[in-house]
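**Student:** the sequence and its predicted three-dimensional model are supplied below.
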Protein chains: 2
Amino acid sequence: MTHWFCNGQAIDSLPIDDRAIHYGDGLFETIAIRNGEPRLWSLHIERLHSGCDRLGLDSPADESLRVEITAAMHAAQVDPSYALAKLIITAGSSTRGYRRPISVGSRVLTGVSEAQRPAADNYQAGVVAVRCTTTVSEQPTLAGLKTLNRLEQVLARNERSNTDAFEGLMCDADGRLICGTMSNVFVVHDQSVSTPALDRCGVAGVMRQHVLNTLKIAGHEITEKNVSWDHAMAADELFLTNSQFGLVPIQGIDEQRWRVGPVTGKVMKLLAQNGIEECS
Amino acid sequence: MTHWFCNGQAIDSLPIDDRAIHYGDGLFETIAIRNGEPRLWSLHIERLHSGCDRLGLDSPADESLRVEITAAMHAAQVDPSYALAKLIITAGSSTRGYRRPISVGSRVLTGVSEAQRPAADNYQAGVVAVRCTTTVSEQPTLAGLKTLNRLEQVLARNERSNTDAFEGLMCDADGRLICGTMSNVFVVHDQSVSTPALDRCGVAGVMRQHVLNTLKIAGHEITEKNVSWDHAMAADELFLTNSQFGLVPIQGIDEQRWRVGPVTGKVMKLLAQNGIEECS
């Protein structure tokens, strides 16, 4: 169960004229709380500010967001050692119509909940994914952002409601692999790591960014580029990243199977040394 | 001001776990109320049912929706002779995550408000439109539907927050004209009327459908097809349609100007005879 707060007050509902309801006019962040601290906080804040700028929304102050999360955890009595926080920034309330009012600021919603520690087997043996029929649409204006317009992910997620698959992989209309419904994907060919470029569509996850940063700092080559589905299926290794679970190897996509390879193991080790405890 | 109801009860907020807030998981209809009746009701219901089917949402019964609108108008003391109703169907409440719960039904929200009669000059002299920079993204799975994912329209609408233009016209990434931010568009070349095909993107408005039906019944040729921006700008006449205002001629797009032509006049006359009082 998620406990919600707005301006420090517990809430169980949102004003009916909020633009999140009518248009999905806003953004969100899903943040792992580990040992009382929001993990990868600066990456979350960076994406949130960049998103607010691109959508023309007022950007809330970093420090107030952090204070709000801590207060919410305390008020909801959520164990801060391993939890989850969701921040939603909406364009606020307005009268009917797509036009945003000039004077109304954004509204910040803070949700906190207990989090389950992921199964150790996901990290050791890897997870199984399937290819989704639902595609990701191309929209450079929104590409990379975690907006409240997430119907494509909902429909893609629902495709595997009857399977045990851990994740669904989504392509664009041209058959390029873009991301999972709730994760980003990396492919390894001949020891070199790459991840789909997200300048036309997709959500640029903070754990994806953390992997990019961590590998670059460690002196490893890593590239963002277009990855066709066939190229991905010909990879030596593949793995998924997400702010909550960190990194999990892929052991299967549809009927095809992979071993958990040495490069994935190396990246997991680097992440474990760089704040992602699940990878140790 | 819009007065909101759910299950016959006045509401001013939505449960914070409703999927409309988090993912835009739902649909809406904006319905003109004229002389106490919801106008083009069967077209609204048809689109709503088709949308619910395509998104996998429970479809509410037609009659209950109609009863709810009438009750809402009465409770809110909105003058039923000229008003506006908005129906929102959300995927309902759920716990965190894109996955829809199996057992939870959709939630119906009914909003009613006074409506302003449009300026007569819009119909006689026509309106001015501008081309938006924000494009409509291609997504066949959602094409034609009026989903709660409307960030593209919000951003496109905001582009002309400092202009007097009546509407913004949106193209897809390939420069095909698709629709206005809140309307559909028709072009006339050599007496023949066409409107952009909406099988890849865009919202298929009920007034657009009413124009298609009305012209076909009257024996006039009308086609749905791909319309490039250049082809549209080379039109002899252009007009916009929307459930509230009916039909208005376009007198200008950016720097280019048109006269209100005879074909547009003929279509307006047919609409006036077919229930759209604003066109008389």
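**Tutor:** Great, that's in hand. Numbers count the residues shown, from 1 in each chain, chains lettered A, B, ... in the order given.
**Student:** let me see the ranges of the helices in the stretch 51-200 of chain A.
**Tutor:** With DSSP state H, counting those that start in this stretch as the criterion, the stretch 51-200 of chain A has helices at A:62-76, A:120-124, A:151-159.
**Student:** now residue A:15, what are its backbone angles?
**Tutor:** phi -50, psi 140 (degrees, to the nearest 10).
**Student:** name the residue closest to the centre of chain A, please.
**Tutor:** In chain A, the C-alpha nearest the mean C-alpha coordinate belongs to residue A:205, at 4.2 Å (C-alpha atoms, centre = their mean).
**Student:** ok, the spatially closest residue to that one that is not a sequence neighbour - contacts?
**Tutor:** Closest residue in space to residue A:205, ignoring its immediate chain neighbours: residue A:184 at 4.6 Å, by C-beta to C-beta, 6 or more residues apart in numbering or on different chains. C-betas here are computed from N, CA, C, even on glycine. By C-beta atoms under 8 Å, 6 or more residues apart in numbering or on different chains, the residues touching residue A:184 are A:195-196, A:202-205, A:207-208, A:240-242.
**Student:** now do the same for residue A:184: its pLDDT.
**Tutor:** For residue A:184, the pLDDT comes out at 98.
**Student:** before we move on, back to that, so which of the contacts of residue A:184 are in strands?
**Tutor:** A:195-196, A:240-242 (DSSP state E).
**Student:** what's the separation between residue A:219 and residue A:125?
**Tutor:** To residue A:125, residue A:219 is 29 Å away according to C-beta to C-beta, to the nearest Å.
**Student:** of these two, who's got more company?
**Tutor:** Higher neighbour count among residue A:219 and residue A:125: residue A:125, with 14 against 6, using other C-beta atoms under 10 Å in any protein chain shown.
**Student:** what about the nearest residue in space to that one that is not next to it in sequence, which helix or strand?
**Tutor:** Closest residue in space to residue A:125, ignoring its immediate chain neighbours: residue A:251 at 5.9 Å, by C-beta to C-beta, 6+ apart. Using DSSP states H and E, residue A:251 sits in strand A:246-253.
**Student:** so what touches the helix or strand just after that strand?
**Tutor:** Toward the C-terminus, strand A:246-253 is succeeded by strand A:256-257 as the next helix or strand (DSSP H and E). Residues outside strand A:256-257 that contact it (C-beta under 8 Å, 6+ apart) are A:233, A:251.
**Student:** note down every partner strand of strand A:256-257 and its orientation.
**Tutor:** strand A:246-253 (antiparallel) (DSSP bridges).
**Student:** quick one: contacts of the strand it pairs with?
**Tutor:** Outside strand A:246-253, the residues touching it (C-beta under 8 Å, 6+ apart) are A:118, A:122-123, A:125-131, A:166, A:169, A:185, A:207, A:211, A:232-233, A:237-241, A:257-261, A:264, A:267-268, A:271, A:276-279.
**Student:** at 6 Å what do you get?
**Tutor:** Applying C-beta atoms under 6 Å, 6 or more residues apart in numbering or on different chains, the contact partners of strand A:246-253 are A:122-123, A:125-129, A:238-241, A:258, A:260, A:264, A:268, A:271, A:276, A:278-279.
**Student:** now do stretch A:118-126
**Tutor:** A:245, A:248-251, A:260.
**Student:** buried subset of those?
**Tutor:** Buried by 16 or more other C-beta atoms under 10 Å in any protein chain shown: A:245, A:248-251, A:260, out of the contacts of stretch A:118-126.
**Student:** which one of these is nearest chain B?
**Tutor:** residue A:245 (13.0 Å; C-beta to the nearest C-beta).
**Student:** which non-adjacent residue is nearest that closest one?
**Tutor:** Per C-beta to C-beta, 6+ apart, closest to residue A:245 is residue A:118, 4.8 Å.
**Student:** how about stretch A:138-150: buried residues?
**Tutor:** In stretch A:138-150, counting by 16+ other C-beta under 10 Å, buried: A:138-139, A:142-150.
**Student:** which pair in those has the greatest spatial separation?
**Tutor:** Pairwise distances across the buried residues of stretch A:138-150 peak at 19.1 Å for A:138 and A:148 (criterion: C-beta to C-beta).
**Student:** for residue A:130, name its beta-bridge partners.
**Tutor:** Beta-bridge partners, per DSSP bridges, of residue A:130: residue A:168.
**Student:** ditto for residue A:196
**Tutor:** The partner residues for residue A:196, given DSSP bridges, come to residue A:225.
**Student:** gap between it and residue A:271?
**Tutor:** Plainly put, residue A:196 is 19 Å away from residue A:271 if you go by C-beta to C-beta.
**Student:** more neighbours, these two?
**Tutor:** Ranked by neighbour count (other C-beta under 10 Å), residue A:196 and residue A:271 place residue A:196 first, with 26 against 22.
**Student:** residue A:265: what's it in contact with?
**Tutor:** By C-beta under 6 Å, 6+ apart, residue A:265 has no neighbours at all.
**Student:** and it, its phi and psi?
**Tutor:** phi -60, psi -40.
**Student:** ok, it to chain B distance?
**Tutor:** Noted for residue A:265: a distance of 29 Å to chain B, by C-beta to the nearest C-beta, to the nearest Å.
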